[in-house]
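>>> mind folding the following:
(one chain, ligands or ions: 3)
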Amino acid sequence: MSVASAEVDAWIADRLIGGDPALDKALARNAAEGLPAIDVSAAQGKLLHVLARSIGAWRILEVGTLGGYSTIWLARALPDHGVLVMLEIDPHHAEVARANLDAAGIGDKVEIRVGPAVETLSRMETESEGPFDLVFIDADKPNNVAYLKAALALARPGALIIVDNVVREGRVTDASSTDAAILGTRALFDVVAAEPRLTATAIQTVGAKGWDGFMIAVVNDE
Ligand code: SAH
Ligand code: DHB
Ligand code: MG
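Numbering: from 1, shown residues only. Ligands and ions are numbered 1, 2, ... in the order given. From the prediction side, this is the model:
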């Protein structure tokens with residue numbers, strides 16, 4: 001028997017995730033509005049949700065929003081008083097995300113900040129907007145090191161920092177790559193490896209979104 005990993009993802013989603021009108025509508029609106037289908041998969045989205053719930057997160061920061069698909073999974077993990085701040089450079093993406101979040105019934109928990117995330121994050125640091133319990137980094141990969149450093153500055157001890165797309169079909173291991181996204185992610189691994197305040201690993205994934213992976217780090221206690 002031969003079965004493709006995307007079919008297994010569909011099989012898993014069918015059993016453990018099921019039909020989810022808010023998420024289905026969000027993906028449909030994203031497509032209708034011309035957004036690229038580069039959201040996390042359903043299984044990955046639910047993993048983000050499980051992780052946020054398991055640490056009792058009530059303040060979440062998301063860098064790179066697209067139409068808010070991963071945001072819906074994360075925001076649903078929040079308690080009533082919870083807050084999710086999301087950063088997005090593209091005003092059209094932010095508008096579509098706002099519509100999706102409101103339609104999903106969690107719009108009141110989510111604050112969208114439109115602009116280049118490096119700038120937004122540096123303002124957030126200046127204004128001591130932390131601490132966050134979980135940071136999900138999923139924006140332009142050349143800025144991964146800047147996002148990681150800002151996340152570390154804004155996160156509490158025990159917080160999780162998760163970075164999407166760190167494997168890219170194995171290309172991350174190519175030391176001669178000139179692709180800015182790969183260079184950014186390779187630099188991220190170097191910085192995290194040398195960072196005593198983080199305990200980190202990376203997990204490869206296959207499935208609906210192909211062969212990729214995510215880095216997951218916990219901020220050590222002082
Ligand atoms: N997390 C989303 C997918 C995000 S795709 C999900 O899984 O559903 C990456 C997003 O990062 C895009 O919407 C893109 O516009 C945004 N982005 C790219 N460069 C950025 C930057 N410099 N600052 C903030 N957002 C950026
Ligand atoms: C791309 C970005 C992502 O965040 C992702 O999950 C998949 C692809 C991209 O820029 O191609
Ligand atoms: Mg991604």
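
>>> mind checking the end-to-end distance for stretch 30-47?
Stretch 30-47 has an end-to-end distance of 21 Å (criterion: C-alpha to C-alpha, to the nearest Å).

>>> now that stretch: buried residues?
The neighbour-count criterion (16 or more other C-beta atoms under 10 Å) identifies N30, L35, D39, V40, S41, A42, A43, Q44, G45, K46, L47 as the buried residues of stretch 30-47. Where you see a C-beta, it was placed from the backbone N, CA and C, and this is true even at glycine.

>>> ok, the closest residue to the second one other than its chain neighbours - contacts?
If I follow you right, that is L35. Spatial nearest neighbour of L35, chain neighbours left out: G67 (5.1 Å); criterion: C-beta to C-beta, 6 or more residues apart in numbering. Under the criterion of C-beta atoms under 8 Å, 6 or more residues apart in numbering, the neighbours of G67 are A26, L27, R29, N30, E33, L35, D39, H93, V96, A97, N100.

>>> next: V206.
S5.

>>> how about the residues of this protein near ligand 2?
Within the chain, the positions near ligand 2 by C-beta under 6 Å from any ligand atom are I38, D138, D164, N165.

>>> neighbours around the third one, how many?
D164 has 25 neighbouring residues, counting by other C-beta atoms under 10 Å.

>>> look up how far ligand 1 lies from the spatially closest residue to it that is not a sequence neighbour.
In this structure, D164 finds its nearest non-sequential neighbour in D138, 4.0 Å apart by C-beta to C-beta, 6+ apart. Taking C-beta to the nearest ligand atom, to the nearest Å as the measure, D138 falls 4 Å from ligand 1.

>>> D138 touches G68, doesn't it?
No. The pair D138 and G68 fails to qualify as a contact (C-beta atoms under 8 Å) at a distance of 11.7 Å.

>>> could you list the residues in contact with the helix or strand L183 falls within?
Here L183 sits within helix 180-193, counting by DSSP states H and E. Counting contacts by C-beta under 8 Å, 6+ apart, the residues outside helix 180-193 that touch it are 140-145, 148-149, 163, 165-166, 168, 171-172, 174-175, 177, 198, 200, 202, 215, 217.

>>> rerun at 6 Å
K141, P142, N144, V145, L148, V166, R171, V172, L198, A200 (C-beta atoms under 6 Å, 6 or more residues apart in numbering).

>>> same check on stretch 15-31?
Residues contacting stretch 15-31 (C-beta under 6 Å, 6+ apart): A42, K46, G67, Y69, N100, A104.

>>> check stretch 150-166 too.
By C-beta under 6 Å, 6+ apart, stretch 150-166 touches 121, 125, 130-138, 185, 202, 212-219, 221.

>>> and it, what's buried?
150-152, 154-155, 159-166.

>>> same question, stretch 187-207
A187, L188, F189, V191, V192, E195, L198, A200, A202, T205, G207.

>>> closest one to W11 out of these, please.
G207 (10.3 Å; C-beta to C-beta).

>>> separation between the residue found closest to the closest one once you drop the neighbours it is linked to in the chain and ligand 1?
The shortest distance from G207 to any residue other than its chain neighbours is 3.7 Å, reached at D9 (C-beta to C-beta, 6+ apart). For D9, the distance to ligand 1 (C-beta to the nearest ligand atom) stands at 15 Å.

>>> tell me which helix or strand D9 sits in.
Here D9 is assigned to helix 5-16, by DSSP H and E.

>>> quick check: what element follows the helix holding L183 along the chain?
strand 198-205.

>>> quick one: strands adjacent to that next one?
Using DSSP bridges, the strands paired with strand 198-205 are strand 212-219 (antiparallel).
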